[in-house]
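1. With the input below, show me the fold.
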Amino acid sequence: MPDSDQNPIGMTGVGRRRRRAARALIAAAVFVMVLPLALFLAGPPTIGGMQRSNAIADIVSFLVIGGGVGGMLLGLAWMIRIYRADPEPDESSFRFRDF
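-> Here you go, the predicted model:
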């Protein structure tokens, strides 16, 4: 049980610990997004491919990579949206419509 000096009376500090955990998860998501970019930039330079370029393969690879990056950005935006949401909605919430 946490000390009463750290938390206001009647509070256990669970919400604060969960907010810290949520911040850590968002930081981990940002790290996972930045790591492939850093690895790509740290790779050795190449002089050119050993095969001919295929326009259709280039378009497909761009779409696959773009879809992956877009999915990661969408997931990060969703995590931030959930993190910033009000944990205690007021009475106008849909749950309290009938009361």
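2. can you pull out the strands in the chain?
-> Listed in chain order, the strands found in the chain under DSSP state E amount to none.
3. now the helices for it?
-> If DSSP state H is used as the criterion, the helices of the chain fall at 14-42, 55-84.
4. Could you give the average pLDDT over the longest one?
-> In this case it means helix 55-84. Mean pLDDT, computed over helix 55-84, is 89.
5. and that helix, what does it pack onto?
-> Helix 55-84 is packed against helix 14-42, with contacts defined by 3 or more CB pairs under 8 Å, 6 or more residues apart in numbering; DSSP states H and E. Every C-beta, even on glycine, is put in place using the N, C-alpha and C of the backbone.
6. and the angle from the helix it packs on to helix 55-84?
-> Compare the direction of helix 14-42 with that of helix 55-84 by axes from the mean of the first three to the mean of the last three CA atoms, to 10 degrees and you get 160 degrees.
7. Leu76 contacts Met33, doesn't it?
-> Yes - between Leu76 and Met33 there is a contact at 6.7 Å, judged by CB atoms under 8 Å.
8. With adjacent residues omitted, what lies nearest to the spatially most central residue of the chain?
-> Nearest to the centroid of the C-alpha atoms of the chain, with distances taken as CA atoms, centre = their mean, sits Leu76, at 2.8 Å. Of all residues not flanking Leu76 in the chain, Ala29 sits nearest, at 5.3 Å (CB to CB, 6 or more residues apart in numbering).
9. burial count for the one you found?
-> Ala29 has 15 neighbouring residues, counting by other CB atoms under 10 Å.
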